[in-house]
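Student: With the input below, show me the fold.
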Amino acid sequence: MYVIFLKFGPNRAQVAQWSTAHKQWIQAGIDDGIFLAAGSLEDAQGGAIIATGVDKRALVARVTQDPFVAHGVVTAEVHAIAPSVMSSGFAELLSSNKP
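Tutor: Below you'll find the model as predicted:
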């Protein structure tokens with residue numbers, strides 16, 4: 001499982017220009033079963049995505065195709081997480097999305 005942090009970068013002023021394409025990119029990740037959830041970080045610092053069902057190299061390649069990343073609106077950090085304790089519902093969700 002991965003958490004992707006998308007923190008505003010040098011071209012933050014271009015958010016409106018790339019917003020529609022960024023939202024389409026997120027929806028494609030959800031439709032493909034890679035992204036489980038996406039949303040904003042507090043204090044308008046950027047966003048975060050929870051992803052699973054893909055190896056890190058493929059995920060990083062997908063993240064570089066985000067229009068916000070490609071155009072410097074955000075910088076991306078991909079962090080792998082290996083949960084050791086979780087609810088049964090969450091465990092089932094993760095196991096259903098394994099590559």
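Student: what residues does stretch 83-94 touch?
Tutor: Under the criterion Cβ atoms under 8 Å, 6 or more residues apart in numbering, residues M1, L36, T52 lie in contact with stretch 83-94. (Glycine included, C-beta is placed from N, CA and C.)
Student: no no, stretch 35-44
Tutor: 5, 7-8, 26, 29-30, 46-52, 93, 97.
Student: can we see that at 7 Å?
Tutor: I26, G29, G47, A48, I49, I50, A51, T52, L93 (Cβ atoms under 7 Å, 6 or more residues apart in numbering).
Student: would you list every one of the helices in the chain?
Tutor: Ranges of helices in the chain, per DSSP state H, are 15-31, 56-64, 67-70, 88-96.
Student: hmm, back to that, what subset of the contacts of stretch 35-44 is buried?
Tutor: Buried members of the contacts of stretch 35-44, counted by 16 or more other Cβ atoms under 10 Å: I26, G29, G47, A48, I49, I50, A51, T52.
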